[in-house]
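Q: structure of the sequence below:
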Amino acid sequence: MADLPPNARADSAPGVFAPPPAGAPYAPDGDIHLLDRFAILYRYRRIAVSVFILTTAVLMIQGYTNVKVFQARAQLLIEDERSTAVPGLNSSENTYYEDPEPYYNTQFRILKGRDLVRRVVRRLKLGTIPEFNGTAVPPPTPVSMINDFQTRLMGLLRKPAAPAPQEAPKVDETPDESALVSSFIGRVTVEPIRTSRLVDVTFMSADPNFAALAVNTLVDEYTEQNLAIKLESSQNMLNWLAKELDKQQQKVRESEQALAEYRDKQNAMSLDDKQNIVTTRLTALNDALIHARTAKVQKEALYNQVKSMSGTTAPDAIPVIAQNTQVQALKTKLNELQRDKSRLEERYGPKHLAVQANATAILDTQRQVDVETSRALQSVKNDFETAVLEERVLAQNLDAAKGDAQDLSRKSVGYNVMERESKSNRLVYESLLQREKELRVSSNSRQNNVRIVDKAEVPQSPMTAGGRRTWMMSSLVGLVLAIGVAFGLDYMNDTIKTPEDVTRRLKLPFLGLVPSVRGDKHPLLTSAHVPHDFGEAFRALRTSLISKYPATGTKTLLVTSAQPLEGKTTTAANIAMALAYGGSRVLLIDGDMRRPGLHRPLRLTNDRGLSQVLIGQARVRDVIQRTVDPNLLAITAGKMPPNPSELLASERMRTLLTNLAHGPFDWIIIDTPPVLAVTDAVILAPMVSGVTFVVGAEMTRRRLAERALETIMSSRPRYAAIILNRVDFARNKYYYSRYYGHQYKNYYAEATG
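A: Residues are numbered from 1 along each chain as shown. Below is the predicted model of the structure:
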């Protein structure tokens, strides 16, 4: 954002960045690193791995030799129960991490549990099928042996769970039915797919049609049982909530009735207002008393000085007489008359009329000197006595005010206790009511965290052990297809992802990037959970801004984006905080009067703000609010006016920015609406020192960003640069390792470990 490169200037506007026309072809910069190719594979790793596994498995199954045992496979999606909960329901239970592995291990055991399989056996009437009349488990095949070995190996690698006791046959099972259940369980295999929530359920049978029917019946019964359990649990919870709501409603009614009666009895409706008035009066009286005592001490010292010097010292030696202008003027006049007396006596003699008139004037002047001297000494005494009286009156008034405050405090104790109890009861009741509503929505929606992804199809060929060649060819085809899918998806994805995309495709300087914060869409530097690399990113942005702007004068910075939800408001707030933490005096202005948002993270009021200043309903100093940092002040957007664009384009807005620029601030940060949504940012761009364009990493498409930049550049701003926001280092570490190294995020974690 300092001097601009020649290829980034508009011909008609020196010093203004001009992006290339939308849709113009971009030539590669010639520096394509091998890590860029690995980055593509890493970004689409889950899809590529899924394609590889699926392709390899399909090809290997097709290459198996014929064995007269068929295996049908169905696939389930078993999600964590919390992922299907209604938003807000059980939110307190999701504030900590819970290992999902015990839950999934439990579901795998249920899939092969006797209670579930017994219902499947009865539904299929398994005792009438010839295959099950005398057999328990089909003869082992190479594939079944491999699957059994893989299952045992995965069980050893998983975290050991507490051994479940052997489930004994139920009382209502006949010996024949118990044998059928055991035989069915022996043919079922449950195989979770790594790094996913998918589970393969297979069933082996000599009849391909029955194999598909059996496994489909099993997964159907499992999903229905899971939903029934959830509905029963929800109904039990609803019954309990209904009882608790009745109890809590009665408590709310009683506490509010008691509060109303106490309010009527004690006239407590205006206690808060009275408390504020008494507090203000106490403060004013205390300040006045301190001032009066200080004045009394000063006047007493002057009075004692005059009193001690009177009678023992010539009046002219007393400071209050020596500093009295009237006395000194009369003294000067008396001295002149005395000098005239000697001259007149020498010239006319002592009996001349002029000499006698001079003597009379000397006597009158001396009398005036004595009168003014006495008056000055008396005024010192009067001032001291007045100060003593004023101190006494203020002290009496302060004591009376303290008594009023104590009496009011005693009255408000009981009221506050009852009010807190009433609010607490109301809060508990509303919480229970909200929980009941959410639970009813969840129950009515019949959401099931288990669903069938793939129904089993009738296997067309028997199981086979395959060979090494089949495995290698299947793996090779799967690898090529997975790589092709990854590069194809990357080719179709035209979002801005890296700093290289900013400089190469958008043709604007790259100011810096901001990492994303998991679980927080609006992270602030003041938040306790913000990681170190997030704060370091804004310190780096602060350094860049300071180095690229003049050191003196007020700098005004406009922050905008192409479209909503790219994080421009949070970025503007954090830039302002970072500058304030660095010692700069910063004013943060919410220029988005349509959808104001700065007041929420900063916990400010939005009753009055920029809109009231621009329409003349408020002064600037009345709408400036303090924040947690003394160096950071803020002006919120205020109430939404009917014509935001006209207000921002008005002469009053220009005058406001000019006056603020001559104020005590080093930086003025203005948050504005997205460029493609409204014209507010385009209107303000010529009035500021520079424009910072926020681009959401992997959110903003290139053509949208280009169109937004063309729009903002049409207003001919002085400077412009881009911040890449919400960068996911964990997901795309290869993209950013070229810029910040592999250990960028780990450095700060180790420093605090």
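
Q: mind checking which helix or strand the residue nearest to G127 when sequence neighbours are not counted is in?
A: Sequence neighbours aside, L180 is the residue nearest to G127 in space, at 6.0 Å (criterion: CB to CB, 6 or more residues apart in numbering). Any C-beta I mention is one placed from the backbone N, CA and C, and that applies to glycine too. Assessed by DSSP states H and E, L180 sits inside helix 175-187.

Q: now the strands: where do they sit in this protein?
A: Using DSSP state E, the strands of the chain run over residues 9-10, 13-17, 70-78, 188-192, 198-205, 450-454, 510-515, 555-561, 586-590, 625-626, 632-635, 667-671, 690-696, 720-727.

Q: how does the protein divide into domains?
A: 51-66+468-492, 269-445, 499-751 (automatic domain parsing).

Q: dump those domains to JSON lines, plus distance to F108 and mean pLDDT.
A: Putting the domains of the chain into JSON lines (distance: least, CB to CB, whole Å; pLDDT from 0 to 100) gives the following:
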{"stretch": "domain 51-66+468-492", "distance to F108": "19", "mean pLDDT": "74"}
{"stretch": "domain 269-445", "distance to F108": "25", "mean pLDDT": "73"}
{"stretch": "domain 499-751", "distance to F108": "29", "mean pLDDT": "86"}
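
Q: select, out of the ones you listed, the one closest to E224.
A: Distance to E224, taken as CB to CB, is lowest for domain 269-445 among the domains of the chain, at 16.0 Å.

Q: before we move on, the earlier item: in TSV: the strands of the chain, plus mean neighbour count and distance to A677.
A: Putting those into TSV (neighbours: other CB atoms under 10 Å; distance: least, CB to CB, whole Å) gives the following:
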stretch	mean neighbour count	distance to A677
strand 9-10	15	24
strand 13-17	16	21
strand 70-78	21	38
strand 188-192	18	46
strand 198-205	21	40
strand 450-454	16	38
strand 510-515	22	22
strand 555-561	26	9
strand 586-590	26	16
strand 625-626	14	26
strand 632-635	22	21
strand 667-671	26	13
strand 690-696	27	14
strand 720-727	24	17
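
Q: right, and these - which one's nearest K243?
A: Per CB to CB, nearest to K243 of those: strand 450-454, 30.4 Å.

Q: which other residues reach that closest one?
A: 73-79, 107, 198, 219-220, 222-223, 226-227 (CB atoms under 8 Å, 6 or more residues apart in numbering).

Q: spatially, which two of those are the most separated?
A: Taking CB to CB as the measure, the contacts of strand 450-454 have their most distant pair in R73 and L227, spaced 22.7 Å apart.

Q: any buried residues in stretch 522-535, and which?
A: Within stretch 522-535, the residues that qualify as buried by neighbour count (16 or more other CB atoms under 10 Å) are P523, L524, L525, T526, V530, P531, D533, F534, G535.

Q: the first one - nearest residue in space that isn't next to it in sequence?
A: Same thing as P523. Excluding its sequence neighbours, the residue lying closest to P523 (CB to CB, 6+ apart) is V517, at 4.1 Å.

Q: can you count the residues close to the one you found?
A: 18 (other CB atoms under 10 Å).

Q: before we move on, back to that, thought the residue nearest to G127 was touching K125?
A: No. Contact criterion CB atoms under 8 Å: L180 and K125 do not qualify, at 10.0 Å.

Q: who's more crowded, these two?
A: A count of neighbours by other CB under 10 Å puts L180 above the other of L180 and K125, at 25 against 9.

Q: mind checking the longest helix of the chain?
A: helix 353-445 (DSSP state H).

Q: which strands and helices sit next to that one?
A: helix 208-266, helix 271-309, helix 319-322, helix 325-348 (3 or more CB pairs under 8 Å, 6 or more residues apart in numbering; DSSP states H and E).

Q: quick check: mean pLDDT of the longest one?
A: Read that as helix 208-266. For helix 208-266, the mean per-residue pLDDT is 83.

Q: quick one: distance of it to the chain centre.
A: 32 Å (CA atoms, centre = their mean, to the nearest Å).

Q: the stretch 501-650 of the chain: helices as residue ranges?
A: Secondary structure of the stretch 501-650 of the chain, counting by DSSP state H, counting those that start in this stretch: helices at 532-548, 568-581, 610-614, 620-623, 644-648.

Q: reformat those as TSV; add distance to V502.
A: Below are the helices of the stretch 501-650 of the chain laid out as TSV (distance: least, CB to CB, whole Å):
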stretch	distance to V502
helix 532-548	14
helix 568-581	15
helix 610-614	30
helix 620-623	36
helix 644-648	27
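
Q: would you mark the buried spots in the helix holding L180?
A: Neighbour-count burial for helix 175-187 [16+ other CB under 10 Å]: E177, S178, A179, L180, V181, S183, F184, I185, R187.
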